[in-house]
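Asker: pasting the sequence and the predicted model now:
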Amino acid sequence: MQINVLPHQDLSDRPTGCCARFDPEGWNGLVLRFREKPFLRAETRSAMYMPLDMARVFARVLGRIEASCGFDPDDTLVLSHDLSPWRAEHFFAVKGDVEGEEMTTMTGDFITKVFEGPYRQVGSWRTEMEALVRDRGKVPGRIYFYYTTCPACAKAMGRNYVVGLAEV
């Protein structure tokens, strides 16, 4: 099993000019093994789990990642985790430190499942991820979601893929 490696994504296929088209092939049923994998951590505000400042925060973070040459096209991943109905945290995979941002690392093994549907289903997806871990005889750790496209691109492309990652 490879460490700190993600399935390949073709970032050049951008029919909307914004998000890349996501190919779920290769993402379902994986065990991703992270060992001190570098991430940039950012928080957003929410109102009952609906993001309020996500566009502003993501624009700032992505701009700083680009400016610091921290972007790796072979390592594209943003993990999101609700801390409460009022706050969420997001972990952006990076090559190294990004000035002016909070840096962290992640270590753990994560099983994946690809979902398709509206974002409002995330609660049932979280429950399904927990059951998936329990079915393997493990206790679920943190559950993250990788929202592969923004809402506008999901609508334009007619598909909204979300990858669940459950720490085992």
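Answerer: All right, it came through fine.
Asker: right, and residue 106 touches residue 40 too?
Answerer: No: applying Cβ atoms under 8 Å, one finds residue 106 not in contact with residue 40, separated by 11.2 Å. Quick note: C-beta positions are derived from backbone N, CA and C, even for glycine.
Asker: what sits in contact with each of these two?
Answerer: Residues touching both residue 106 and residue 40 (Cβ atoms under 8 Å, 6 or more residues apart in numbering) are residue 91.
Asker: where does this structure have its least confident helix or strand?
Answerer: strand 50-51 (a mean of 91; mean pLDDT, DSSP states H and E).
Asker: how about the strand ranked longest in the chain: buried residues?
Answerer: The longest strand of the chain (DSSP state E) is strand 31-47. Within strand 31-47, the residues scored as buried using 16 or more other Cβ atoms under 10 Å are 32, 34, 37-42, 44, 46.
Asker: residue 165: which of these is nearest?
Answerer: When the buried residues of strand 31-47 are compared for distance to residue 165 (Cβ to Cβ), residue 32 comes out closest, at 6.8 Å.
Asker: run through the bridge partners of the closest one.
Answerer: Counting by DSSP bridges, residue 32 forms beta bridges with residue 110.
Asker: where's it relative to residue 70, distance?
Answerer: 20 Å (Cβ to Cβ, to the nearest Å).
Asker: with residue 134 instead?
Answerer: Residue 134 is 36 Å from residue 70, by Cβ to Cβ.
Asker: which of these two has more neighbours?
Answerer: Set side by side, residue 134 and residue 70 show more neighbours around residue 70, with 22 against 12, by other Cβ atoms under 10 Å.
Asker: hmm, residue 97 and that one touching each other?
Answerer: Yes: using Cβ under 8 Å, residue 70 is in contact with residue 97, at 7.5 Å.
Asker: thinking again about what came up before, elements contacting the longest strand of the chain?
Answerer: helix 54-67, strand 78-84, strand 87-93, strand 102-116 (3 or more Cβ pairs under 8 Å, 6 or more residues apart in numbering; DSSP states H and E).
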